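Peer 1: dropping a prediction and its sequence here:
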Amino acid sequence: MRPISLDELVARAALLHRVDRKYILPAACLPRFLDGLGADTGVLEIDGLRTFHYRSDYLDTPALASYLGAARRRRHRFKIRFRRYEESGARFIEVKTRGRRGGTVKQRTPHDAPALTGTGLAYVTSVLSDAGITAAGLHLEPVLTTRYRRTTLFLPGSGARVTIDEGLTWERPDGDTRHVPDSVVVETKSPAGASEADRLLWSLGRRPAPVSKYATGMAALHPGLPANRWLPVLRSLAPTPKGARS
């Protein structure tokens, strides 16, 4: 695949308004999927690298208001995380809320501190308040870390992006860990309708799945939580304890 720079990717596929679909694909099927994409497919390349390591540290309240809001499909739900791009060292606070039409609204700001204090806490409080979520006195603490490797593709025919996440790992603060060695998460981001990547995945027998790395990881590491929404996803991903054979 030909390399594409980050500037070119943003210029040609900013996708501020888009249709997102996530799929679970057996790792063994990934070469077949990639071979089926067009010869003009581009791959994001930065400083000679085409795969990048992501780390996200998710924050929630002691009562797990963020997780339960998603599990129970509450209108005013939210998700908060520290996002770190390992190769560049860039760090952000990211806050996801629900928009007026039910879509996801993601906002973020640079943040280098290891904890949510000062300006970071003020930023989160402001974003949540703007979304109609009571944030005064909200206590947030780290509950889950996710790690994975991401490759980003550009499909010039439809102007779509495709991300491929491999090596997904979930870890609780106490060190309990699950990893997903045999599946990858593929996400398509299209300006409208289905992209050629969606149609290819459908031809391979794959259908969109409600994959939430945070919610699914919490369900995998906390079996007592309500998790009906994500049980089919967990069965497909088949996470295993750290060090165990799949």
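Peer 2: It's in.
Peer 1: quick one: Y148 from V19, how far?
Peer 2: Using Cβ to Cβ, to the nearest Å, Y148 is found at 22 Å from V19. Using the backbone N, CA and C atoms, a C-beta is placed for each residue, glycine as well.
Peer 1: those two - which one has more neighbours?
Peer 2: A count of neighbours by other Cβ atoms under 10 Å puts Y148 above the other of Y148 and V19, at 21 against 16.
Peer 1: identify the bridge partners of that one.
Peer 2: Beta-bridge partners recorded for Y148 (DSSP bridges): Y54.
Peer 1: looks like it contacts T163 (just checking).
Peer 2: No. Between Y148 and T163 there is no contact under Cβ atoms under 8 Å: 10.0 Å.
Peer 1: report the central residue of this protein.
Peer 2: K213 (5.7 Å; Cα atoms, centre = their mean).
Peer 1: need the nearest residue in space to that residue, chain neighbours excluded.
Peer 2: In space, and not counting its chain neighbours, K213 is closest to T146: 5.0 Å by Cβ to Cβ, 6 or more residues apart in numbering.
Peer 1: what sits against that neighbour?
Peer 2: By Cβ atoms under 8 Å, 6 or more residues apart in numbering, the contact set of T146 is 54-56, 58, 168-171, 213-214, 217.
Peer 1: before we move on, what about T169?
Peer 2: Applying Cβ under 8 Å, 6+ apart, the residues contacting T169 are 146-148, 177-180, 242.
Peer 1: which pair of the residues you listed spans the longest distance?
Peer 2: Greatest spatial distance among the contacts of T169 (Cβ to Cβ): Y148 and K242, at 14.8 Å.
Peer 1: mind listing the helices in this protein by residue range?
Peer 2: With DSSP state H applied, the chain shows helices at 6-12, 30-36, 65-71, 118-130, 196-203, 213-221, 231-237, listed in chain order.
Peer 1: export the ones you listed to JSON lines and tack on mean pLDDT and distance to F78?
Peer 2: Formatted as JSON lines, these follow (pLDDT from 0 to 100; distance: least, Cβ to Cβ, whole Å):
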{"stretch": "helix 6-12", "mean pLDDT": "86", "distance to F78": "26"}
{"stretch": "helix 30-36", "mean pLDDT": "96", "distance to F78": "33"}
{"stretch": "helix 65-71", "mean pLDDT": "93", "distance to F78": "6"}
{"stretch": "helix 118-130", "mean pLDDT": "91", "distance to F78": "6"}
{"stretch": "helix 196-203", "mean pLDDT": "95", "distance to F78": "28"}
{"stretch": "helix 213-221", "mean pLDDT": "95", "distance to F78": "11"}
{"stretch": "helix 231-237", "mean pLDDT": "93", "distance to F78": "21"}
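Peer 1: out of these, which comes closest to R91?
Peer 2: Per Cβ to Cβ, nearest to R91 of the helices of the chain: helix 118-130, 10.3 Å.
Peer 1: for the closest one, buried residues please.
Peer 2: 120-121, 123-125, 127-128 (16 or more other Cβ atoms under 10 Å).
Peer 1: residues in contact with it?
Peer 2: By Cβ under 8 Å, 6+ apart, helix 118-130 touches 78, 80, 93, 95, 97, 107, 109, 111, 113, 116, 134-136, 138, 140.
Peer 1: rewinding a little: may I see the ChimeraX selection of the buried members of the contacts of T146?
Peer 2: Applied in ChimeraX, the following selects the buried portion of the contacts of T146 according to 16+ other Cβ under 10 Å:
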select :54,55,56,58,168,169,170,171,213,214,217
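Peer 1: I figured L201 hits P26, correct?
Peer 2: No. Counting by Cβ under 8 Å, no contact exists between L201 and P26, whose distance comes to 11.9 Å.
Peer 1: which of these two has more neighbours?
Peer 2: L201 (23 against 15).
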